[in-house]
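Undergrad: just a sequence and a predicted model for now, questions to come.
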Amino acid sequence: MIALGADHGGYRLKEAIRKYLDAEKIEYRDFGTFNETSVDYPPIAAKVSHFVADGNAEKGILCCGTGIGMSIAANKIRGIRAAVCTDEYCAEITRRHNNSNILCLGGRVISEKQAVAFARIFLSTPFDGGRHQRRVDEIAAVERGDL
């Protein structure tokens, strides 16, 4: 299960990704928005992030104008590692090294074609573990206030 969300600035990217998920028969839940009418992004980021953090979805994808606002809001939720990606390498490495569980994309930064490519990479790339697990554990320690 994948959790999807976007504000008006990321709506077109979300729709392109949704069509990709449909074509690939990948189950998802769409938390909106459902058109290009202006809407605030923090509540959408929170819904998607809680859904992922609570174990209802394996990963999430959030889209706004730049991906930055969504990532800031998403990363406020314990257990979320949201990453803004602007190229294929970042989409791969954020999974391999950071075990990121939410991909953030910008509708004013990348194309719909790029968004689908980044989503495909993000969703199919495994976490490498090993020395990277220690760093993910340290991120969790920062989140708990232990570091």
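TA: Great, that's in hand.
Undergrad: can you pull out the strands in this protein?
TA: Assigned by DSSP state E, the strands in the chain fall at 2-6, 28-30, 59-64, 82-84, 102-106.
Undergrad: quickly run through the sheet partners of the second one, with directions.
TA: Listed by DSSP bridges, the sheet partners of strand 28-30 and their directions read strand 2-6 (parallel).
Undergrad: measure how far the strand it pairs with is from the centre of its chain, please.
TA: 7 Å (Cα atoms, centre = their mean, to the nearest Å).
Undergrad: who's in contact with it?
TA: Applying Cβ atoms under 8 Å, 6 or more residues apart in numbering, the contact partners of strand 2-6 are 13-14, 17-18, 21, 26-33, 44-45, 47-48, 51-52, 56-64, 70, 107, 123. For every residue, glycine as well, the C-beta is placed using N, CA and C.
Undergrad: and stretch 121-133, by the same measure?
TA: Outside stretch 121-133, the residues that touch it by Cβ under 8 Å, 6+ apart are 2, 26, 59, 61, 85, 88, 91-92, 94-100, 103, 136.
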